[in-house]
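Engineer: Give me coordinates for this.
(one chain, ligands or ions: 1)
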Amino acid sequence: MSDRRVAIIGAGWAGLAAAITLTQHQIPVTVYEAGRVAGGRARRIHLPEHDHPLDNGQHILTGAYHTCLKLIQAVNPDPEWLRLPLQLHMHQGLSLHAAALPAPLHSLVGLLSAKGLTWEARWQAVLFMLHWHIRQFKAPPHSTVAELLRTQSRTLVTCLWEPLCLATLNTPIQTASAQVFLNVIRDSLTRRRSDSDLIIPTTDLTALFPEPALRFLSNSGQQIHMGHRVKQVKSEANGLLVDGHLYRAVICATAPWHAYPFLQQLGMTTLADQLHTMPTQAIATLWLQYNTNIRLPQVMTGMTGTLAQWVFDRGQSHGQHGLMAVVISAESGQPVTDIHRTITHELHHHLGLPATPVWRKLIREQRATFACTPQITRPQHITDIPNFYLAGDYTASPYPATLEAACQSGLQCAIHLLQRHQRSS
Ligand SMILES: Cc1cc2nc3c(=O)[nH]c(=O)nc-3n(C[C@H](O)[C@H](O)[C@H](O)COP(=O)(O)OP(=O)(O)OC[C@H]3O[C@@H](n4cnc5c(N)ncnc54)[C@H](O)[C@@H]3O)c2cc1C
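Structural biologist: Numbers count the residues shown, from 1 in each chain. Reported below is the predicted structural model:
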C-alpha cells in the first residue's frame, strides 16, 4: 500500500485541509507533524500561569472564509464560535454596524451611519468603496495601501483603514499590497451580507478544527504521525521517499522557511532560495489576566494611536473571565518589558482596566506571516517535481496569509492531485 499513499508534511490548517479533501475522495494519506499539538501557527498553547488552554495568537475568522468554514463544519458540525454581524468598536468612539440590508448596501449604509466620524468622512469612505467597486477592485499594479488611501482623510486612515489593513494583511499600510487589501474588502464587504460576519472562536484553536480533523482522519483509517519532523524528501522513479518511506505524492504543507530543505533536496534551488528569503512580519499577543469581575463593553475593541491594536475580552468569548488578549500586528521587536509597560498603561488609561494585572505574558511569533507587499511572488501549488505540491498560507492566492488562504491552498493541492490521478487511471 505504501506507494499508493500520499504523504502530507505538516498538520497546520493547510495540511489538514488537504488531508480531509483527499480522505473524502478515498485517497489514503499519511500525515507527518513535527509538533505534539496540531494546528501550526493557529494552535492551542498552555501557560503555567493559567489553568485553561490559550492560543498561540488570538485569531478571528470572517464569513468570507468559505473554504475554511466548510472544512471546519465537515469535521466539527457544531463549531464553538461567536458569529457576529459586522461591527467595529474603536476605543476613541468610532463605532460601525452593518445595516440589516443586502450586500453591499449593508456595509455602505453601515459606513454612512457610523458613529464617531464626521459626515464628510463617512461620505469619503462610501465614495472610496464605490470608486473601487466600479473599477472591480483592481488596484494599479504594484501600488501600496498607503497610495490607495491618498484620497482618504487622516482620521479615516488611522481609525478605519489602517487597523483593517494591519489586522488582515499583517503589514504596515506603507508597504502593504493594495491589490490584496482590495481583494479582502471586495470579498468581505460587497458580496453576501454574511461574508462580513466576524467569527470569534469560543474554544481554543486546536479544538475548533485541527483536533476534530485528526479524529476524522483517524476514524477514516488514515495514518498520523505526531511529533515526527520530516528530514528528507527524495525523488525516485516510482514516487517520492519521505524519510525512507515511498509515497505516490507529497504535499508539503509547512511554512515557507520549513519547506526550504525539501526544495533543496529535490534540486529546486531557485524556488528554495525564494522561500528562504521571503520577508516575514511578526505578531505579538500579550495575555493579561485581571480580576475575574473585569470585563470590557465589547468582546473585541480596536485601539489606534497606541501600541495595542485589538483587545479581545476572553471572558466574553471563552468564559476566561478577566483575561484579555491584546494583539499587535506587524510588531517591530520592542523589548518585552517596554511592551508590558506600554500596553498595561494604555489599557488602564483608555479602557479603564486596573493599573496592574494579576499576571501577563507576551507570545511573540517572529515569523507570523509573510510580509504582504506588492512585490511578493507567491509560489504555485504545482512544482517542477511532478508529484510534489506546495500548500500553505504563503502560496499563490488572492488572500493574505490567513486561515482561509491556508485552507484554500490545501484544497487546491488535493484537487491538482486528484486531477492527475484521474488522468493517469
Ligand atoms: C499570532 C498570529 C495571529 C494570527 N491571526 C490570524 C487571524 O486572526 N486570522 C487569520 O485568518 N489568520 C491569522 N493568522 C495567520 C494564520 O495563523 C496562518 O495563516 C495559518 O495558521 C497558516 O497555516 P499553514 O497550515 O499554512 O502553516 P502552519 O500553521 O505554519 O503549519 C505548518 C505545520 O507544519 C509543521 N511542520 C513544519 N516542518 C515540518 C517537518 N519538517 N515535518 C513535519 N511537520 C512540519 C509545523 O509544525 C506546523 O504545524 C495569525 C498568525 C499568527 C502567528
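Engineer: Please spell out the segments of the stretch 101-250 of the chain that come in under the pLDDT threshold.
Structural biologist: Across the stretch 101-250 of the chain, nothing is flagged by pLDDT under 70.
Engineer: Spell out which parts of it neighbour the ligand.
Structural biologist: 229-230 (CB under 6 Å from any ligand atom). Heads up, the C-betas are built off the backbone N, CA and C, glycines and all.
Engineer: Please work out which residue of the stretch 101-250 of the chain is closest to the ligand.
Structural biologist: With CB to the nearest ligand atom, the shortest gap between the stretch 101-250 of the chain and the ligand falls at residue 230, namely 3.8 Å.
Engineer: pretty sure that residue is touching residue 11, no?
Structural biologist: No - counting by CB atoms under 8 Å, residue 230 does not reach residue 11; the two are 11.6 Å apart.
Engineer: shared neighbours, those two?
Structural biologist: residue 32 (CB atoms under 8 Å, 6 or more residues apart in numbering).
Engineer: more crowded one of the two?
Structural biologist: residue 11 (28 against 21; other CB atoms under 10 Å).
Engineer: The more buried one and the ligand, how far apart?
Structural biologist: 5 Å (CB to the nearest ligand atom, to the nearest Å).
Engineer: repeat for residue 351
Structural biologist: 20 Å.
Engineer: Could you check how many residues crowd around that residue?
Structural biologist: Residue 351: 17 neighbours (other CB under 10 Å).
Engineer: now swap in residue 164 and tell me
Structural biologist: Count around residue 164 with other CB under 10 Å applied: 18.
Engineer: cool, and the one 5 residues further on?
Structural biologist: Under the neighbour criterion other CB under 10 Å, residue 169 is assigned a count of 28.
Engineer: what sits against it?
Structural biologist: 145, 176-177, 180-181, 184, 372, 400.
Engineer: Dump stretch 106-124 to CSV, restricted to CA.
Structural biologist: These are the backbone C-alpha positions of stretch 106-124, laid out as CSV (Å, rounded to 0.1, in the frame of the first residue of the first chain):
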residue,chain,number,x,y,z
HIS,A,106,-25.3,46.7,4.4
SER,A,107,-21.7,47.9,4.6
LEU,A,108,-22.3,51.2,2.7
VAL,A,109,-25.2,52.2,5.0
GLY,A,110,-23.1,50.9,7.9
LEU,A,111,-20.3,53.4,6.9
LEU,A,112,-22.8,56.2,6.3
SER,A,113,-24.3,55.8,9.8
ALA,A,114,-21.0,55.1,11.6
LYS,A,115,-20.7,57.0,14.9
GLY,A,116,-17.6,58.9,15.8
LEU,A,117,-16.9,60.1,12.2
THR,A,118,-17.9,63.4,10.6
TRP,A,119,-20.5,63.4,7.9
GLU,A,120,-17.7,64.3,5.4
ALA,A,121,-15.5,61.4,6.5
ARG,A,122,-18.4,59.0,6.2
TRP,A,123,-19.1,60.2,2.6
GLN,A,124,-15.4,59.8,1.8
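Engineer: Run through who's touching that stretch.
Structural biologist: 86, 90, 92-101, 125-126, 129-130, 151-153, 155-156, 159-160, 189-190, 193, 196.
Engineer: From the residues you listed, which land in strands?
Structural biologist: 95-97 (DSSP state E).
Engineer: export the residues you listed to a markdown table and tack on distance to residue 116, pLDDT and neighbour count?
Structural biologist: Compiled in a markdown table, these are given as follows (distance: CB to CB, whole Å; pLDDT from 0 to 100; neighbours: other CB atoms under 10 Å):
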| residue | distance to residue 116 | pLDDT | neighbour count |
| --- | --- | --- | --- |
| 95 | 6 | 95 | 15 |
| 96 | 8 | 95 | 22 |
| 97 | 12 | 95 | 17 |
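Engineer: Any chance you could note which residues of the stretch 251-400 of the chain sit beside the ligand?
Structural biologist: Residues of the stretch 251-400 of the chain lying near the ligand (CB under 6 Å from any ligand atom): 253-255, 258, 283, 285, 365, 368-369, 392-393.
Engineer: What is the most widely separated pair among these?
Structural biologist: Taking every pair in those and measuring CB to CB, the maximum separation is 23.4 Å, between 253 and 285.
Engineer: Pick out whichever of the two has more residues nearby.
Structural biologist: residue 253 (33 against 24).
Engineer: so the closest residue in space to that one that isn't next to it in sequence is in which element?
Structural biologist: Nearest non-adjacent residue to residue 253, counting by CB to CB, 6 or more residues apart in numbering: residue 15, 3.2 Å away. Assigned by DSSP states H and E, residue 15 belongs to helix 13-24.
Engineer: next one: residue 405
Structural biologist: helix 403-424.
Engineer: what pLDDT does residue 3 get?
Structural biologist: We have a pLDDT of 47 for residue 3.
Engineer: Over to the one 3 residues further on?
Structural biologist: Per-residue confidence for residue 6 comes out at a pLDDT of 98.
Engineer: Would you mind measuring from it to residue 305?
Structural biologist: Per CB to CB, to the nearest Å, residue 6 is found 49 Å from residue 305.
Engineer: Neighbour count for those two, which is higher?
Structural biologist: Taking neighbours as other CB under 10 Å, residue 6 and residue 305 compare with residue 6 leading, 26 against 10.
Engineer: What's opposite that one in the beta bridge?
Structural biologist: Per DSSP bridges, the residues bridged to residue 6 are residue 29, residue 249.
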